[in-house]
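>>> Coordinates for the following, if possible.
(one chain, ligands or ions: 1)
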Amino acid sequence: MTDSRSPANSLFTRNPRNPLLTAADWPHTVNAVFNPGAVRLKDGTTLLLCRVEDRRGISSLWAARSSNGVDKWEIDPKPTLAPEPDKNPEEVWGVEDPRIVWLEEIGKYAITYTAYSQTGPAVSMALTEDFRAFERLRLVLAPEDKDAALLPRRYRGCWLMIHRPVTGRGAADIWVAESPDLRHWGKHQLLLAARRGAWWDASKIGLATPLIETERGWLMLYHGVRATASGSLYRLGVALLDLADPRQCLMRSDEWIFGPREAYERQGDVAGVVFPCGYTIGDDGDTVNIYYGAADTCIGLATGRISEILNWLDTHGEGGSEHSPII
Ligand code: BMA
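Presented below is the predicted three-dimensional model:
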């Protein structure tokens, strides 16, 4: 099926080889493979850190590497980052949904992921240089919180982390926090709120991939959830954060820009879900590849252009933090 021509629907093109990775590709019997973090290594290799759910229901993270980011994936023979409930009780029900950001200042990748604890999902962090050895910082944000990613460099001396706590207002919104040392987080601030009523993102929102730096600001892809009679629909929207102060939202899309359409997105363990946790940028600096979990079952790839997303946002964006749906 080709993309229909409405502007929002043409911002991302699905890879014809989708789904790129499924449970059948794994060296062991697993239930599902989805919601991968993504990064392009220095040698150009695309590394996906895939959430792999076993047949108990517990997830671990496995690296899959490909030279072109599309096929010939080399999958680690065992979990790359497995839950360690004996040492880290917060991981007793698994580790999920990683986001990966390169931190030039310390020469390491920071992986923020969901630790599924007996008191709910929370945000854990690990550092690595090579995706083989990991320094686990363990829990950095208490339950219930998830969908977190760092910004790649400090802002006014502090690291920033986008995250998604569940608060008392009956919806879930995107927040930002600061830290001097990656371990202690404070100065929490609401960044983008779920809309209300019939909107596509009225039920919950959360960060999708880490932020994408552009000349005009930080592009923030986020998932929006709409509760329907047959379950939750997970779609993708976009906002633009101020380059000089990423705690300020400049614009937010009115329409969603990517949503479940193909059979592998509409049918699976959780129907009607597209859930990207990682992107890579092409050599031209404009192509953006988003890797996403489809229906909590398999992994897809969709490709867009940063310049087109920004142009589209100019005509479909609600601007300014004074606008009520943003905060
Ligand atoms: C979210 C997360 C994701 C999952 C999505 C749809 O809350 O748990 O891991 O893909 O729900 O089930």
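
>>> show me the contacts for the residue of the stretch 1-150 of the chain found nearest the ligand.
Taking CB to the nearest ligand atom, the ligand has its nearest neighbour within the stretch 1-150 of the chain at residue 97, 4.8 Å off. (C-beta placed from N, C-alpha, C; glycine too.) Residue 97 makes contact with 35, 37, 51, 113-114, 146-147, 275, 277 under the criterion CB atoms under 8 Å, 6 or more residues apart in numbering.

>>> mind running it again at 7 Å?
Counting by CB atoms under 7 Å, 6 or more residues apart in numbering, residue 97 makes contact with 35, 51, 113-114, 146, 277.

>>> Also within reach of the ligand: list those from those residues.
When the contacts of residue 97 are filtered against the ligand using CB under 6 Å from any ligand atom, the residues retained are residue 35.

>>> In the contacts of residue 97, find the pair that's most separated.
51 and 146 (12.2 Å; CB to CB).

>>> Of these two, which one has the most company?
residue 51 (27 against 24; other CB atoms under 10 Å).

>>> which residues does the more buried one bridge with?
On the basis of DSSP bridges, residue 51 takes part in beta bridges with residue 34, residue 61.

>>> again, but for residue 122
residue 115.

>>> For residue 90, see how far away it is.
6 Å (CB to CB, to the nearest Å).

>>> Spit out the residues that contact the two alike.
Joint contacts of residue 122 and residue 90 (CB under 7 Å, 6+ apart) are 115, 139.

>>> near the ligand, which residues of the protein show up?
Counting by CB under 6 Å from any ligand atom, the chain sits next to the ligand at 35, 96-97, 234, 270, 273, 275, 293, 296.

>>> Same list (those) but as a markdown table, adding secondary structure.
Shown next, in a markdown table, are the residues of the chain next to the ligand (DSSP: H, G, I helix; E, B strand; the rest coil):
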| residue | secondary structure |
| --- | --- |
| 35 | strand |
| 96 | strand |
| 97 | strand |
| 234 | strand |
| 270 | coil |
| 273 | strand |
| 275 | strand |
| 293 | strand |
| 296 | coil |
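
>>> Now rank those residues by neighbours and give me the top one.
residue 35 (30 neighbours).

>>> In this structure that one contacts residue 49, no?
No. If you go by CB atoms under 7 Å, residue 35 and residue 49 don't touch, sitting 9.6 Å apart.

>>> Mutual contacts of the two, please.
Common neighbours of residue 35 and residue 49 (CB under 7 Å, 6+ apart) do not exist.

>>> Next, please give the residue ranges for the strands of the stretch 101-250 of the chain.
108-117, 120-128, 135-141, 145-150, 159-165, 174-179, 186-192, 204-207, 212-214, 217-228, 231-241, 249-253 (DSSP state E, counting those that start in this stretch).

>>> The shortest one: partners in the sheet, and parallel or antiparallel?
The sheet places strand 212-214 alongside strand 217-228 (antiparallel), with pairing taken from DSSP bridges.

>>> Which residues does the partner strand contact?
So strand 217-228 is contacted by 174, 192, 200-209, 211-212, 232-243, 246, 250, 256, 275-276, 306, 309 (CB under 7 Å, 6+ apart).

>>> where's the spatially most central residue of the chain, which helix or strand?
When CA atoms, centre = their mean is applied to the chain, the residue found nearest the centroid is residue 277 (2.5 Å). If you go by DSSP states H and E, residue 277 is part of strand 274-281.

>>> list the contacts for the residue nearest to the centre of the chain?
So residue 277 contacts 35-37, 97-99, 208-209 (CB under 7 Å, 6+ apart).
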